[in-house]
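A.B. asks: coordinates only, sequence not included:
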Ligand SMILES: NC(=O)c1ccc[n+]([C@@H]2O[C@H](COP(=O)([O-])OP(=O)(O)OC[C@H]3O[C@@H](n4cnc5c(N)ncnc54)[C@H](O)[C@@H]3O)[C@@H](O)[C@H]2O)c1
């Protein structure tokens, strides 16, 4: 058995590194069109930050794990080909803003057809709309002459930030397919380290739909608790207390009940919108509207947070320095795709704030590029004033202290552990008064911060009411 994976991203890289680690006798070749990304996978500076990933890559790289741009050769040489390319939301034409852009998946299928002979097992690892496997099969059978194949759906459930633990000890592995032989071949690989009872098999369409459904349910929990956070701020209830109280109900459970500035990442929004598009396509407008509301609530939560900052700071942040802690969409990753921080920073910049941003893992180039993208309209244009604002009013700091020195306020936008360890007396002494702190992750010890002198505003906590009552 030889494996190849097309797409060396946040999924392809870690997943294949784990398979190579657990199956030293199976050659695993990860390929990508992006030379810079492949060079990084072959270096000491991996393109992805993920706790524990470096060790796994180091163990297998050069033994049975290879990274290259030799896509055709890798496909030709493999028995099993994983497709792990990006499937972003379409930005043009039919289904723009909702449907998944399947251009990259289709290109992979055509490339597999061109570069293959004999028998191949083609595995959909990317998250795909239901019935994509049908399209993959049609392309493979119409383009390939000397090829027989099986198509499997094997969606990935890892979460960034905990990818290695998730891959080592997953709740389940899902394999959808029609050919028992192909299902068995893939199951055998996972069974090297995952108990058999956790390897679930379904038909192709259930497997494709289960991935979209899992992400929709997870995102729905975040939007549900965030909706309640708005009510907590208005009433004096505390969202963390409500979450604890409902989470102890075993029917609800405690996970994914942390209120915040909203979910981010490359998957939740795009997968829900994809689900919405599918529902509309299949003539189910009420079902589509139901799921779309999860995204609407998420957008509202981000907007509510930046508006609260402006309102609290005497209705203006113009020319005020706001120190921003965190830009990644969550802790322990360098991924900023759909990070709530991007939109909150953009909105504050448009209120003419001066932002000094610090994130332990995100580069200055990435931050500026994300803010530029967020200010770009549907025609790909960015106004001169937005461009100027990003150039002049955004500074990147080297640590949390530099970000907040001489600042009017702090905005905590990512829950990095290192922010909890800062010397808050020192931070407070370096700031202007009143020293506002907006905790968008409910990460810090608010009572302690208030005893130092900070004016703390947190998600789902009515600080003003509490202050008025004191
Ligand atoms: N990121 C996550 O946490 C996560 C989790 C589960 C599932 N997924 C799904 O996995 C898929 C991949 O996500 P990702 O985050 O790894 O994306 P990514 O953008 O990090 O990586 C995709 C890679 O595919 C490469 N690529 C695109 N077309 C190619 C082609 N024709 N030939 C060779 N390489 C090509 C790109 O250059 C890129 O490096 C998506 O469908 C996503 O929804 C992602």
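C.D. replies: Here it is on my side, so go on. Here the structure is a predicted model, which means the values were calculated and not measured. Residues are numbered from 1 along each chain as shown.

A.B. asks: so which strand or helix has the closest residue to the ligand within the chain?
C.D. replies: Nearest residue of the chain to the ligand: residue 9, at 1.9 Å (C-beta to the nearest ligand atom). From N, CA and C alone the C-beta is placed, and that goes for glycine too. Assigned by DSSP states H and E, residue 9 falls within no helix or strand.

A.B. asks: For it, give its distance to residue 65.
C.D. replies: Per C-beta to C-beta, to the nearest Å, residue 9 is found 16 Å from residue 65.

A.B. asks: So is the helix or strand that contains residue 120 next to the ligand?
C.D. replies: Using DSSP H and E, the element containing residue 120 is strand 118-124. No. Using C-beta under 6 Å from any ligand atom, strand 118-124 stays clear of the ligand, with a minimum separation of 8.9 Å.

A.B. asks: in that strand, what counts as buried?
C.D. replies: For strand 118-124, a neighbour-count test (16 or more other C-beta atoms under 10 Å) marks 120, 121, 122, 123, 124 as buried.

A.B. asks: Show me what it is in contact with.
C.D. replies: Defining contact as C-beta atoms under 8 Å, 6 or more residues apart in numbering, one finds that strand 118-124 is touched by 75, 78-83, 105, 109, 112, 132-133, 136, 140, 146-155, 182, 185-186, 208.

A.B. asks: Helices - which of those residues land there?
C.D. replies: Using DSSP state H, the members of the contacts of strand 118-124 that fall within helices are 75, 105, 109, 112, 132, 133, 136, 140, 182, 185, 186, 208.

A.B. asks: Mind picking the lowest-pLDDT entry from the residues you listed?
C.D. replies: Sorting the ones in helices among the contacts of strand 118-124 by pLDDT puts residue 140 at the bottom of the list (92).

A.B. asks: ok now do that residue, which residues does it touch?
C.D. replies: Shown in contact with residue 140 (C-beta under 8 Å, 6+ apart): 109, 112, 113, 122, 147, 149, 151.

A.B. asks: do residue 81 as well
C.D. replies: Neighbouring residues of residue 81 by C-beta under 8 Å, 6+ apart: 3, 4, 5, 6, 75, 112, 116, 120, 121, 122, 123.

A.B. asks: out of the residues you listed, who's nearest residue 260?
C.D. replies: The closest of the contacts of residue 81 to residue 260 turns out to be residue 5 (C-beta to C-beta; 32.4 Å).

A.B. asks: Specify the beta-bridge partners of the nearest residue to that closest one once chain neighbours are set aside.
C.D. replies: Distances taken as C-beta to C-beta, 6 or more residues apart in numbering place residue 82 nearest to residue 5, at 4.1 Å, with adjacent residues excluded. Under DSSP bridges, the beta-bridge partners of residue 82 are residue 5, residue 123.

A.B. asks: what pLDDT does residue 82 get?
C.D. replies: 98.

A.B. asks: Could you list the low-confidence segments of the stretch 1-150 of the chain?
C.D. replies: Along the stretch 1-150 of the chain, segments meeting pLDDT under 70 span 144.

A.B. asks: Enumerate the residues of it near the ligand.
C.D. replies: 6-12, 31-34, 37, 71, 84-87, 104, 107-108, 126-127.

A.B. asks: quick revisit: show me which of the contacts of residue 81 is closest to residue 368.
C.D. replies: Among these, residue 6 lies closest to residue 368 (C-beta to C-beta), at 30.2 Å.

A.B. asks: Run the chain-centre distance for stretch 355-364.
C.D. replies: Centroid separation for stretch 355-364 versus its chain: 18 Å, with C-alpha atoms, centre = their mean, to the nearest Å.

A.B. asks: and if you look at stretch 183-191?
C.D. replies: 27 Å.

A.B. asks: and what of stretch 13-26?
C.D. replies: The chain centroid and the centroid of stretch 13-26 are separated by 22 Å, computed with C-alpha atoms, centre = their mean.
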